[in-house]
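Chemist: could you look at this predicted model? Sequence included:
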Amino acid sequence: MIRMKDIIREGHPTLRKRSEEVQFPLSQEDRKLGEDLLEYVINSQDEEMAQKYDLRPGVGIAAPQINVPKRIFALHFDESTGENLSMIAVNPKIVSHSVEKAYLTSGEGCLSVDRSIPGYVPRYARVTVKAFNLEGEEFKMRLKGLPAIAFQHELDHLNGIMFFDHINSQNPFAEIENATPIK
Ligand SMILES: O=CN(O)CCNC(=O)c1cccc(Cl)c1Cl
Ligand code: NI
């Protein structure tokens, strides 16, 4: 299982690389990678497991965060958060997006960033995304709210972008034009 010791931190070059697309059919290794990523996110949201294995909670995790520069990430929202979404996304893409932006009023955090960096992270409010599952079947979804934000956070990881790259350095809490705050 993935533990915090497997997660690379700010300053590690892999976090700034563009991850490579994976080819289908997936190797056993790439299949296990996807499963391990989703397992981490689920474990990290389970109090007992998180405490037992000292896992920092997350709604997603991307392969480059465990030093594997491949275009795979996992997202999981526990039904208690009101979102019903659990996915392993392979070679994910945003195919279209709203003009309108959105941001989490609480800002964002990252397992690969051992400090809190305050500020609004402007993202697209709604995205239409495409990805493949582990079986190589393509799926397409429209996301909004926290799932849309989290998908963009993970996709950024595959492109070597960190959430704080988007924060206004002059004024981290500057009003964002045409944006909806998400509490
Ligand atoms: O890349 C994934 N992580 O670093 C996992 C830890 N961060 C989060 O769960 C998180 C927290 C706040 C906002 C967003 Cl959008 C996300 Cl994604
Ligand atoms: Ni992150």
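Modeler: Arrived safely. In this text the structure is predicted, and so the values were computed from the model without any measurement. Numbering: from 1, shown residues only. Ligands and ions are numbered 1, 2, ... in the order given.

Chemist: tell me the contacts of Ala89?
Modeler: 72-75, 129, 131-132, 151, 154 (CB atoms under 8 Å, 6 or more residues apart in numbering). Any C-beta I mention is one placed from the backbone N, CA and C, and that applies to glycine too.

Chemist: can you rerun that using 6 Å?
Modeler: 73, 131 (CB atoms under 6 Å, 6 or more residues apart in numbering).

Chemist: next one: Leu158
Modeler: 19, 62, 71.

Chemist: mean confidence score for the lengthiest strand in the chain?
Modeler: What stands out as the longest strand in the chain, according to DSSP state E, is strand 85-97. Average pLDDT, strand 85-97: 98.

Chemist: residues of it that come out buried?
Modeler: By 16 or more other CB atoms under 10 Å, the buried positions in strand 85-97 come out as 85, 87-92, 97.

Chemist: can you count the residues close to the residue in the chain that ligand 1 sits nearest to?
Modeler: Using CB to the nearest ligand atom, the single residue of the chain nearest to ligand 1 is Gly58, 2.9 Å away. Using other CB atoms under 10 Å, Gly58 has 23 other residues around it.

Chemist: now the one 3 residues further on
Modeler: Neighbours of Ile61 under the rule other CB under 10 Å: 27.

Chemist: for the closest residue to Glu177 other than its chain neighbours, report the pLDDT, please.
Modeler: The shortest distance from Glu177 to any non-neighbouring residue, by CB to CB, 6 or more residues apart in numbering, is to Lys101 (7.5 Å). What the model reports as pLDDT for Lys101 is 98.

Chemist: so how far is Thr180 from Lys101?
Modeler: 7 Å (CB to CB, to the nearest Å).

Chemist: neighbour count winner among those two?
Modeler: Set Lys101 next to Thr180 and count neighbours by other CB under 10 Å: Lys101 wins out with 17 against 14.

Chemist: pretty sure that one is touching Val121, no?
Modeler: No - at 9.9 Å, Lys101 does not count as touching Val121 under the criterion of CB atoms under 6 Å.

Chemist: so where's this structure uncertain?
Modeler: The model of the chain has no residue with pLDDT under 70.

Chemist: got the residues of it near ligand 1?
Modeler: The interface of the chain toward ligand 1, taken as CB under 6 Å from any ligand atom, is made up of 58-62, 104, 108-112, 149-150, 153-154, 157.

Chemist: and the residues you listed, which of them are in helices?
Modeler: Among those, the members found in helices (DSSP state H) are 149-150, 153-154, 157.

Chemist: buried ones only from these, please, as a ChimeraX command.
Modeler: A single ChimeraX command selects the buried members of those (16+ other CB under 10 Å):
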select :149,150,153,154,157
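
Chemist: and which of the ones in helices among the residues of the chain next to ligand 1 is nearest Leu26?
Modeler: Glu154 (18.2 Å; CB to CB).
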